[in-house]
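>>> quick one, what's the 3D model for this:
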Amino acid sequence: MSSRIQQLNNTAADLVARVSKSVVHIGNGSSGGAGTVWHPDGLIVTNAHVAQGESLWATLSDGRSLRAQVLAHDRRRDIAALSVDATGLPAIELGDSRSLQAGQWVFALGHPFGVRDALTGGVAIGTGSNWNQGPLAGMEWLMLGLHLRPGNSGGPVFDTEGRMVGISTALDGPESGLAVPIHLAKRFLQDSLRLTTAA
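The predicted structure is shown next:
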């Protein structure tokens, strides 16, 4: 293996190790998905369709399983904010979804089919509101050229610097997926929780 390829491998492995500290597993007893630590004091973001059920639990990267409370949700945009009773959690670094350009590399972490912190990668296709003609039509999405699977929902989409640019939401084809742009997640948190800071 050439030194350049080895360097790329090491860089990718380091990136996943860093981001995975902020990724949690969300379970409700019958199904599950992923979520991301947004704030060290127990604030987690995920999809609204993941945060369903009367008994939600968040399993942190350190193995702790904590009861999760839904603070706010928007089913149309498929975003939810959860709270767990913990402090000092490793919050993810936030990126800028509006500056993401077609062709830039992106990655997603989640727990498809019960596999913890599984990585998928590809490129950004673009952003807009005309990607989907089903129930998700008319909303602004990140269109991604990567393979999302059941269990990726609610997990982070991040750039090559490990900065979160979206929330994995839905498959839109065999090798494409949709994500909630991070600037819409910020707006949701500001509107619903009156957060005045980005993180």
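>>> what ranges of the chain fall below the confidence cut-off?
Residues of the chain meeting the criterion pLDDT under 70: 1, 8, 129-138, 195-199.
>>> tell me where it has strands.
In the chain, the strands defined using DSSP state E lie at 23-27, 32-39, 43-46, 56-59, 65-74, 79-83, 105-110, 118-128, 141-145, 156-158, 164-173, 176-181.
>>> not counting its own residues, what contacts the second one?
Applying Cβ atoms under 8 Å, 6 or more residues apart in numbering, the external contacts of strand 32-39 come out as 22-26, 43-47, 49-50, 58, 60, 81-82, 89-92, 109-111, 151-156, 164, 167-168, 189, 199. Bear in mind the C-beta positions are built from the backbone N, C-alpha and C, glycine included.
>>> what comes up buried for that strand?
32-39 (16 or more other Cβ atoms under 10 Å).
>>> partner strands of that strand and their direction?
Here strand 32-39 has these sheet partners by DSSP bridges: strand 23-27 (antiparallel), strand 43-46 (antiparallel).
>>> deepest of those strands, which one?
strand 43-46 (a mean of 26; mean count of other Cβ atoms under 10 Å).
>>> follow-up on the earlier one: which of the strands paired with strand 32-39 sits closest to Pro181?
When these are compared by Cβ to Cβ, strand 43-46 sits nearest Pro181, at 12.5 Å.
>>> domain ranges for the protein, per the record?
16-91, 97-185 (automatic domain parsing).
>>> longest helix in this structure, by number of residues?
Secondary structure of the chain per DSSP state H: the longest helix is helix 3-20.
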